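Engineer: Whatever this is, show me its structure:
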Amino acid sequence: MTYLGASYSQADADKGMAWLKSLPNVCDGFTAVGPSGDKAVAQVTQVSLPKAGDDRFGVRMTMISTVQGLKTTLTVDAAATRTGPNVVSVTNGGLGGAGDADTKQAVESGARRLQKVLAGKTPQG
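Structural biologist: Sure thing, here's the model as predicted:
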């Protein structure tokens, strides 16, 4: 899991959130072909997130492929919560899957920590 906080101009923060929100419609599924001709089929769907910050959105990308003759599934969640022009982004996943509860908890925790920082406080841990 990766977790990152950043501050942008309001216009850039809004633009980034709009781009993330467009992914399930613009890129709902695709097939990638590797150098050896192996195909990987991907699907992008919206992830439900708890109310956190001024705005939030998440996507889950599931990619099924064959690696060295074994069928594998890679699942990655990418989520963001925005408070004003400040954004916390979370990436969670792997071959074992993306823990839905973990992604939701990270977004919620990130929004709370950001609120504390914006209030001039130091968040714990």
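Engineer: State the helix or strand in which residue 5 lies.
Structural biologist: strand 2-7 (DSSP states H and E).
Engineer: Then residue 18?
Structural biologist: helix 10-26.
Engineer: what's the answer for residue 104, then?
Structural biologist: helix 100-118.
Engineer: what's that helix packed up against?
Structural biologist: strand 2-7, strand 55-67, strand 70-83, strand 86-94 (3 or more C-beta pairs under 8 Å, 6 or more residues apart in numbering; DSSP states H and E). From N, CA and C alone the C-beta is placed, and that goes for glycine too.
Engineer: and for the shortest one, what are the contacting residues?
Structural biologist: Read that as strand 2-7. 85-92, 106, 110, 113-114, 117 (C-beta atoms under 8 Å, 6 or more residues apart in numbering).
Engineer: what's the first-to-last distance across stretch 21-40?
Structural biologist: Length of stretch 21-40, first residue to last, C-alpha to C-alpha, to the nearest Å: 23 Å.
Engineer: So in terms of bridging, what pairs with the most centrally placed residue in the chain?
Structural biologist: When C-alpha atoms, centre = their mean is applied to the chain, the residue found nearest the centroid is residue 78 (1.0 Å). Under DSSP bridges, the beta-bridge partners of residue 78 are residue 59, residue 91.
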